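# sequence below, structure please.
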Amino acid sequence: MIEVSSKAFFEAIGGPENIHPRSEPDHSAWEIVGTREVIGRSEPGYKCTPGPKRYWLVERFASRVTEAAADEKSAQE
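I've put the predicted structure just below:
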């Protein structure tokens, strides 16, 4: 998994797949409903341990963010 920003994480999981979190004490695993494929992870979990909020995506979903950023940059030029 690749660590990404909060903004990038939520943009990437925005669809078209049906994605929901599965909460654990120390993290949440983000899964595609129906296949249960884990595509992301966020910390902290439901115990809300002290520390920074962190986000990861599998490469396939992280590439969505880099492609969108590249498209946005070229549109501005």
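# please make it C-alpha for all contacts and neighbour counts, starting now.
Noted.
# tell me where the model's unsure across the chain.
Low-confidence segments of the chain, defined by pLDDT under 70, are located at 66-77.
# phi, psi of the most centrally placed residue in it?
What sits nearest the mean C-alpha location of the chain, by CA atoms, centre = their mean, is residue 9, with 3.5 Å. The main-chain torsion angles of residue 9 are listed as degrees, to the nearest 10 and equal phi -60, psi -50.
# hmm, residue 54 and it touching each other?
No - between residue 9 and residue 54 no contact is recorded; they are 9.7 Å apart, counting by CA atoms under 8 Å.
# returning to what we had before: ok, now which ones touch the residue nearest to the centre of the chain?
Listed by CA atoms under 8 Å, 6 or more residues apart in numbering, the contact partners of residue 9 are 55, 56, 57, 62.
# in CSV: those, plus distance to residue 23 and secondary structure.
Converted to CSV, the contacts of residue 9 look like this (distance: CA to CA, whole Å; DSSP: H, G, I helix; E, B strand; the rest coil):
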residue, distance to residue 23, secondary structure
55, 14, strand
56, 15, strand
57, 16, strand
62, 21, helix
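# against residue 52, how distant is residue 5?
For residue 5, the distance to residue 52 (CA to CA, to the nearest Å) stands at 12 Å.
# the more surrounded of those two?
Neighbours were counted for residue 5 and for residue 52 using other CA atoms under 10 Å; residue 5 has more, 13 against 8.
# name all residues that make contact with that one.
When contacts are counted by CA under 8 Å, 6+ apart, residue 5 touches 54, 55.
# from residue 56, how far out is it?
Relative to residue 56, residue 5 is positioned 8 Å away (criterion: CA to CA).
# I appreciate the help and will end here.
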